[in-house]
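Novice: pasting the sequence and the predicted coordinates here, then a few questions.
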Amino acid sequence: MVRSIRDLRETSDDILIDEHDQKARSTHVGTDYYTDELERRERRRAIEASDRLARRAYRLAWSNSLLALVAAVAAIIALFK
């Protein structure tokens, strides 16, 4: 039995691993799509983690810029007092 792509994507990792292990006992061919799907999911999770990190770095850069601006204004005010 071959699963549809939609069915593969909706199936949990644990179920895919169990099905792969069951089929792997009796065949040498036809189980690659399980490992391919798991690799695709792992890549997607890595990309999402990288995207979250990039967004946090972007917010940090903006925060640092704002604080630098506040410090510059405070320094200029201090010079004129």
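Specialist: Cool, the structure landed.

Novice: and residue 45, how far is that from residue 39?
Specialist: Distance of residue 45 to residue 39, given as CB to CB, to the nearest Å: 11 Å. The way it works is simple: take the backbone N, C-alpha and C, and place the C-beta from them, glycine included.

Novice: sorry, slip of the keys, the one I care about is residue 62.
Specialist: According to CB to CB, residue 62 stands 35 Å off from residue 39.

Novice: do the same with residue 25
Specialist: Note on residue 25: its distance to residue 39, by CB to CB, is 21 Å.

Novice: so which of those two has more stuff around it?
Specialist: Using other CB atoms under 10 Å, the more surrounded residue of residue 25 and residue 39 is residue 39, with 10 against 6.

Novice: other SSEs contacting the helix or strand in which residue 33 is found?
Specialist: Element membership of residue 33, judged by DSSP states H and E, is helix 32-80. Applying 3 or more CB pairs under 8 Å, 6 or more residues apart in numbering; DSSP states H and E, we find helix 32-80 packed against helix 5-10, helix 13-26.

Novice: residue 38 against residue 15, yeah?
Specialist: No - in this structure residue 38 lies outside contact range of residue 15 using CB atoms under 8 Å: 11.1 Å.

Novice: more neighbours: which of those two?
Specialist: Ranked by neighbour count (other CB under 10 Å), residue 38 and residue 15 place residue 38 first, with 15 against 11.

Novice: next up, the contacts around that one.
Specialist: Contacts for residue 38 (CB atoms under 8 Å, 6 or more residues apart in numbering) come out as 13, 16-17.

Novice: of those residues - the most surrounded one?
Specialist: Among these, the one with the most neighbours (other CB under 10 Å) is residue 16, at 18 neighbours.

Novice: that one against residue 10, yeah?
Specialist: No - Residue 16 lies out of contact with residue 10 (CB under 8 Å); the separation is 10.6 Å.

Novice: overlap in contacts of those two?
Specialist: Between them, residue 16 and residue 10 share no contacting residue, judged by CB under 8 Å, 6+ apart.
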